[in-house]
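*Asks:* I need the structure of the sequence given here:
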Amino acid sequence: MNNVTPRLFIAATQQNDGKTTVALGLFNAMRKARGRVGFIKPVGQRFADIEGNKVDEDTVLIDSTFGIATPLGDISPIAVEPEFTRKFIQQSNTDLLVRRIQNSFDRAAWEKDFVFIEGTGHAGVGSVFDLSNARVAKLLGAKAILVAEGGIGRPIDEVALNRALFEKEGVELLGVILNKVLPEKYEHVVEFARRGFERLGVEMFGAIPADPVLTHPTLGQVCKAVKGEFINARVSARRLARRVLIGDMESGHLLKDFTPGTLVVTPGDREDILATAAALVGRHPRGLCGIVLSGGFRPHESVMKLLHESELPAIASPLDSYTIASRIHSMTIKTLPGDTEKITRIQELAEKHVDLGRLLARL
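*Replies:* From the prediction side, this is the model:
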């Protein structure tokens, strides 16, 4: 196996800490610093079916953003399908999986100056099939960093737990990057978290503030979450919903609450609200994000004509308005291929808030 190309393993302290977000930002910064950068996610749990191959979704995001020039099957060698764990327990074949990962790494590192290895969750994920993140990092001869959600006590406790497993496998934990730090508490959190990590002997390479752009779902994501379908302007599926407003009042009163980026949720038979929304878009084309029609109701043909003419994105859902709003509020927002605004923002945040020079020095 390639033991020459510099590499770094990125893990997280728990699910949804923003590991892929940090990896995407670091990848862009590392390309500027080192040139040709490779990527591999040895074990993936959320995957897409691409040309008959199951490929991790985060791998698709990185590849579509940067064009890695390595076959997707090599940068996503193992996809943990629903029956994967049960089949492994019944008839384990760890050696085969290890060879597949190491061979894929060789291809991912071919003619590259640096390789990022993205883990799956915390250090112990994958232990059930003998391939925890800590062990994969050891197999690939990589040092590791951890991504933890912003805070003081909780991330320090979680980093201490994760470090123990990395150390057990003989993997050096270089340090930690905090993510999603509340802007109003940023200076306070950074100061005391850094001091707390120093007491553990762990270096903090940066702290990325929570950014509203990264927390807003796209209309396409909303449509999927509410079991809906586009009935108008599907081409706007990547538009960001910055605010959700339930239209349960008289349209004249609702009008004053319409602000740029607002997604209106209203029953499909509230034709007064739909007509008002369509007319507003005509005067302010960059205003409303879109509208979700609840209850399975479809508007009259005359209202549909107004929607088409206004090009207002409209989604029809069988769910009631309260359930729709609740689902949108509880969504886990992922950055998807083609989310240009989010990807650009991620790159800006990483360059500004992560000390890449210090990280490279530790490597």
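
*Asks:* which ones are touching L140?
*Replies:* For L140, the contact set (CB atoms under 8 Å, 6 or more residues apart in numbering) comprises 1, 7, 9, 42, 101-102, 105, 117. Every residue, glycine included, has its C-beta placed from N, CA and C.

*Asks:* got any ranges where the chain has weak pLDDT?
*Replies:* 249-257, 281-286 (pLDDT under 70).

*Asks:* about what we covered before: which one (most neighbours) among the contacts of L140?
*Replies:* Within the contacts of L140, neighbour counts (other CB atoms under 10 Å) peak at P42, which reaches 29 neighbours.

*Asks:* ok, it to I145 distance?
*Replies:* 16 Å (CB to CB, to the nearest Å).

*Asks:* ok, back up a step: quick check: of the contacts of L140, which lies closest to V80?
*Replies:* Distances from V80 to the contacts of L140, taken as CB to CB, are shortest for P42 (10.9 Å).

*Asks:* how long is stretch 124-141 end to end?
*Replies:* Stretch 124-141 has an end-to-end distance of 17 Å (CA to CA, to the nearest Å).

*Asks:* flag every buried residue along that stretch.
*Replies:* 124-126, 129, 131-141 (16 or more other CB atoms under 10 Å).

*Asks:* tell me how far it is from the chain's mean position?
*Replies:* 22 Å (CA atoms, centre = their mean, to the nearest Å).

*Asks:* what's the strand or helix carrying K352 packed up against?
*Replies:* Here K352, judged by DSSP states H and E, is contained in helix 340-353. If contacts are counted by 3 or more CB pairs under 8 Å, 6 or more residues apart in numbering; DSSP states H and E, helix 340-353 sits against helix 19-34, strand 203-209, helix 212-215.

*Asks:* looking at the buried residues of stretch 124-141, which are in strands?
*Replies:* Among those, no member is found in strands (DSSP state E).

*Asks:* of all those residues, which comes closest to D74?
*Replies:* Using CB to CB, those come closest to D74 at L140, 13.4 Å.

*Asks:* of all the helices and strands packed on helix 340-353, which lies closest to I156?
*Replies:* Closest among the helices and strands packed on helix 340-353, once you apply CB to CB, is strand 203-209, at 10.1 Å.

*Asks:* tell me what that closest one is packed against?
*Replies:* Using 3+ CB pairs under 8 Å, 6+ apart: strand 203-209 touches helix 19-34, strand 173-181, helix 186-200, helix 340-353, helix 356-362.

*Asks:* can you tell me what sits against it?
*Replies:* By CB under 8 Å, 6+ apart, strand 203-209 touches 18, 21-22, 25, 145, 150, 174-183, 186, 189-190, 193-194, 197, 349-350, 353-355, 358-359, 362.

*Asks:* among these, name the buried ones.
*Replies:* In these, the ones that pass as buried (16+ other CB under 10 Å) are 18, 21-22, 25, 145, 150, 174-181, 186, 189-190, 193-194, 197, 349-350, 353-354, 359.

*Asks:* make a markdown table out of the helices and strands packed on helix 340-353 and add distance to T85.
*Replies:* Shown next, in a markdown table, are the helices and strands packed on helix 340-353 (distance: least, CB to CB, whole Å):
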| stretch | distance to T85 |
| --- | --- |
| helix 19-34 | 21 |
| strand 203-209 | 33 |
| helix 212-215 | 31 |
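
*Asks:* so D248 is in which element?
*Replies:* D248 belongs to no helix or strand, assigned by DSSP H and E.

*Asks:* nope, L161 is what I was after
*Replies:* Using DSSP H and E, L161 sits in helix 153-168.

*Asks:* and for E184, the neighbour number?
*Replies:* Quick note: E184 (other CB under 10 Å) scores 10 neighbours.

*Asks:* so it, which state does it fall into?
*Replies:* Of the three states, E184 takes helix under DSSP: H, G, I helix; E, B strand; the rest coil.

*Asks:* what about it, distance to P209?
*Replies:* 10 Å.

*Asks:* what of A123?
*Replies:* 25 Å.

*Asks:* need the residues that contact stretch 222-236.
*Replies:* Against stretch 222-236 from outside (CB under 8 Å, 6+ apart): 217, 219, 237, 241, 263, 290, 292-293, 298, 304, 307-308, 311-319, 323-324, 327-328, 331.

*Asks:* now, the residues you listed that are in strands?
*Replies:* Among these, the members falling in strands (DSSP E) are 263, 290, 292-293, 314-316.

*Asks:* got TSV for these, with distance to E341 and neighbour count too?
*Replies:* TSV is the format used below for the ones in strands among the contacts of stretch 222-236 (distance: CB to CB, whole Å; neighbours: other CB atoms under 10 Å):
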residue	distance to E341	neighbour count
L263	16	25
G290	16	25
V292	21	28
L293	26	28
A314	22	29
I315	20	27
A316	26	21
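
*Asks:* out of the residues you listed, who's nearest L97?
*Replies:* I315 (41.4 Å).

*Asks:* how close does the nearest residue in space to that closest one that is not next to it in sequence sit to A12?
*Replies:* Closest residue to I315 apart from its sequence neighbours, by CB to CB, 6 or more residues apart in numbering: G228 at 4.3 Å. Using CB to CB, G228 is found at 31 Å from A12.

*Asks:* higher neighbour count, these two?
*Replies:* Using other CB under 10 Å, the more surrounded residue of G228 and A12 is A12, with 29 against 21.
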